[in-house]
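S.K.: predicted structure and sequence below. I'll ask about it afterward.
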Amino acid sequence: MLNELNEQQKEAVKAFDTPLLISAGAGSGKTRVITYKIAHIIREHGVPSYRILGMTFTNKAADVMKKRLTDILGTGRLDLWLGTFHSLCSRILKTEMEKPFIIIDENDKKGIVREIIREMDLDKEVYEPYTIATTISKLKNNRIPPHHHGSKAVTEEVEQVFRIYKKYEVYKEKAVYFDFDDLLIKTIRLLQTDAQVLGKYRDQFQYILVDEFQDTNDIQYELIYLLGHGHTNITAVGDPDQSIYSWRGANVHNFKKFTQDFQGCRTIKLEQNYRSPNIILKAATCVISHNSSYDNKKLWSRKGEGEKLKYFSGHFIDEESCFIREKIRELVRKGYAYKDIAVFCRTNYYYENLEFSLREENIPYRIIGGMKFFDRLEVRNVIAYLKFINNPRDDLSLLRIINIPNRGIGNKSLEKIGR
């Protein structure tokens, strides 16, 4: 079963009876190691699958791991707990809580906040629902309750945010709604206050494995600690050099905390990269070696040295877009098809300028994982305004924008003006 793994991966899969931290470089097969380790626990150690807990960050990753496990083990059903932090917490709460609850998603959350802002008659430009909902989430994850404003004097805007926060929590409590943050917070509170429940799950989960450990925030780490404290068979896999989500709470210092909190922790590094030639790995290493969290992994690959990298630095975003556009034209002249070319952008913000640049030269493109600039609702609305100004008999454009913003114009009013 382990023939497909390299020596470092095999070592990680076979390591037992000790807390294990796997520092896995980019493209080194960290999810594969987690999957094979679970399979190894079941097949070679004879552990029932329901005694294994696997935590990851996306449902997609969990589904991929489940499929790989069934392929490796040749069985169609496994009873292990394998899923996201939120799905794990939801399952625990639904099992242990007497009163049923309803889980609301981010759109529901934003809708509740929007209604509260409307009831409070606040300026939506100042108190934008999405921003306020995000702020509430950050406050909750930092364990800041709605009645706490901090020790220093606060502005009127901050006061209003906390009032919205308080009303939001009251609204949820009355409707018995749990948002995604509640799932973790309430599970931790349950485990901290009910020793019997905590003992039940500590006893059940003899083996705990955490994927993408670099993305864990403080609350998620606390859940890992509560369930795994006293365990020898707890494994965390991640790469501190890929911890880029501090803006949403990820704490790279959890790597150090793990080695301190779980006594006798062993560390194994996965350094063979399966995706890239060595020249890319060298360039990446030069960049990440400046990170304060850099743990001196020496990534290498069997894919050869690879072609030299080309680097372009533009002073303005327009220069970058022009460079990309001309590079695409150059590649097409050399015989490449447009479908052979991919452009990666760090944020959606860069799409807009690049789209205008490509459209100027009639270069076809397709946005993956996002929406084209001219397909966005607000852009289509603005275009409808412009089209109607240009042609007052454009009924389709008029019907689109006549109540944007809301003017209370109904069908009867439209009939009176002959529309």
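M.R.: Noted; the coordinates are in hand.
S.K.: C-alpha only now, for contacts and for neighbours.
M.R.: Will do.
S.K.: ok, Val113 to Tyr165 distance?
M.R.: Using Cα to Cα, to the nearest Å, Val113 is found at 8 Å from Tyr165.
S.K.: ok, Asn391 next?
M.R.: 46 Å.
S.K.: just the buried positions in stretch 395-415, please.
M.R.: Counting neighbours by 16 or more other Cα atoms under 10 Å, one finds that the buried residues in stretch 395-415 are Ser397, Leu398, Ile401, Ile402.
S.K.: looking at those, which one is closest to His231?
M.R.: For the buried residues of stretch 395-415, the residue nearest His231 by Cα to Cα is Ile401; the value is 61.2 Å.
S.K.: got a list of what the closest one touches?
M.R.: Shown in contact with Ile401 (Cα atoms under 8 Å, 6 or more residues apart in numbering): Asn381, Ala384, Tyr385.
S.K.: mind listing which of those are in strands?
M.R.: Assigned to strands by DSSP state E, none of these qualify.
S.K.: among those residues, which lie within helices?
M.R.: Counting by DSSP state H, the contacts of Ile401 place Asn381, Ala384, Tyr385 in helices.
S.K.: for those, give me JSON lines that also has distance to Ile244 and neighbour count.
M.R.: As requested, the ones in helices among the contacts of Ile401 are exported to JSON lines (distance: Cα to Cα, whole Å; neighbours: other Cα atoms under 10 Å):
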{"residue": "Asn381", "distance to Ile244": "35", "neighbour count": "17"}
{"residue": "Ala384", "distance to Ile244": "39", "neighbour count": "20"}
{"residue": "Tyr385", "distance to Ile244": "40", "neighbour count": "19"}
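S.K.: show me where the stretch 201-350 of the chain has its strands.
M.R.: Assigned by DSSP state E, counting those that start in this stretch, the stretch 201-350 of the chain shows strands spanning 207-210, 234-238, 266-270, 272-273, 300-301.
S.K.: most tightly surrounded among these?
M.R.: Highest mean neighbour count of the strands of the stretch 201-350 of the chain: strand 234-238, a mean of 26 (counted as mean count of other Cα atoms under 10 Å).
S.K.: can I get the CA coordinates of that strand in CSV?
M.R.: Provided in CSV are the C-alpha atoms of strand 234-238 (Å, rounded to 0.1, in the frame of the first residue of the first chain):
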residue,chain,number,x,y,z
ILE,A,234,-2.4,13.2,17.1
THR,A,235,-1.0,14.4,13.7
ALA,A,236,-1.0,17.9,12.2
VAL,A,237,0.1,18.5,8.6
GLY,A,238,0.8,21.9,7.2
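S.K.: mean confidence for it?
M.R.: Averaged across strand 234-238, the pLDDT comes to 96.
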